[in-house]
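Undergrad: the amino acid sequence is not available; the structure is as follows:
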């Protein structure tokens, strides 16, 4: 018996990285998965792979920063699978030109906030009514460990966006706590995804990042997906408005000793 048997799960950014791994895991745990992305070919491939493995999955094109797309992805989940019980707002960006507050261009701010903050808000705006109609459920919003502390390398728009996600998560949790909907934030540290590996292509940059991680390595997408599974499932039934930090000890450390 899977931990998500009978659940319908909507996962944004499901075509690659952490969203792809979570889509596969949630389906393996019994969920009927609707995954969304803007990379249609990759998204269709992930959904097909899940179906080939015996799961149930459907891909929907959605740019989460566009409210009509957010409404459409929720509508697709309800029409395809009959309801919505898990909303995993995973889609997000960390743009290469995001840096110091004194140097980051307005265009970087606009795109980062549109996807990372408005995208989460639109998902919740349209997902919550469907979840209420389905008898409640669990919302997982991806924030970051940088919502709790400043990043070692400046990425001001990204950090600000994840702080906003954390605050929004708490407010949604309080508003819907007695209506059968839980809302928690998942706060990953550096996870080994194609995006991060591109940003850390320089070996010196990688080693500088590792200095700040007590475990001395990047996290794996599978490790984050299992944390998301916990928040999605009834195993976390008394958790709402919480932040689950999965960061290899970064936020616990003042200084990390070197071997």
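TA: All right, it came through fine. As the structure is a computational prediction, the values presented were derived from the model and not from experiment. Numbering: from 1, shown residues only.

Undergrad: so where do the strands sit in the stretch 151-259 of the chain?
TA: Chain-ordered strands for the stretch 151-259 of the chain, with DSSP state E, counting those that start in this stretch as the definition, fall at 181-188, 243-246.

Undergrad: and those strands, which is most packed in?
TA: Stretch with highest mean neighbour count among these: strand 181-188 (a mean of 26; mean count of other CB atoms under 10 Å). (Each C-beta comes from the backbone N, C-alpha and C, glycine too.)

Undergrad: for it, give the mean pLDDT please.
TA: For strand 181-188, mean pLDDT rounds to 98.

Undergrad: and the pLDDT at residue 257?
TA: 52.

Undergrad: for residue 3, which non-adjacent residue is closest in space?
TA: residue 233 (4.2 Å; CB to CB, 6 or more residues apart in numbering).

Undergrad: swap that for residue 127, please
TA: Closest residue to residue 127 apart from its sequence neighbours, by CB to CB, 6+ apart: residue 87 at 4.2 Å.

Undergrad: just residue 165 next, same as before
TA: Using CB to CB, 6+ apart and skipping residues adjacent in sequence, the residue nearest residue 165 is residue 143, 4.4 Å away.

Undergrad: check the gap between that neighbour and residue 52 for me.
TA: Residue 143 sits 33 Å away from residue 52, going by CB to CB, to the nearest Å.

Undergrad: also residue 116?
TA: Residue 116 sits 32 Å away from residue 52, going by CB to CB.

Undergrad: which one of the two is surrounded by more residues?
TA: Comparing residue 116 with residue 52 by other CB atoms under 10 Å, the one with more neighbours is residue 116, at 26 against 9.

Undergrad: these two touch, right, the more buried one and residue 163?
TA: No: with contact defined as CB atoms under 8 Å, residue 116 does not count as touching residue 163 (10.3 Å).

Undergrad: model confidence for the residue sitting nearest the centre point of the chain, exactly?
TA: For the chain, the residue sitting closest to the mean C-alpha position, by CA atoms, centre = their mean, is residue 90 at 2.3 Å. Predicted confidence (pLDDT) for residue 90: 98.

Undergrad: could you do residue 194 as well?
TA: 64.

Undergrad: show me where pLDDT drops low in the protein?
TA: 193-209, 255-259 (pLDDT under 70).

Undergrad: rerun at 80
TA: Within the chain, the segments meeting pLDDT under 80 span 152, 193-212, 254-259.

Undergrad: need the helices for it, in chain order.
TA: Using DSSP state H, the helices assigned to the chain run over residues 17-28, 40-52, 67-81, 106-113, 119-133, 156-176, 194-199, 203-211, 221-232.

Undergrad: identify, out of those helices, the most deeply packed stretch.
TA: Highest mean neighbour count among the helices of the chain (mean count of other CB under 10 Å): helix 17-28, a mean of 25.

Undergrad: the inter-axis angle of that one versus helix 221-232?
TA: Taking axes from the mean of the first three to the mean of the last three CA atoms, to 10 degrees, one finds helix 17-28 and helix 221-232 inclined to each other by 60 degrees.

Undergrad: and the contacts of helix 17-28?
TA: 2, 4, 9, 11-14, 33, 35, 37, 42, 46-47, 49-50, 53, 55-57, 86, 88, 90-91, 142, 188, 191, 193-195, 221-222, 224-226, 228-229, 232 (CB atoms under 8 Å, 6 or more residues apart in numbering).
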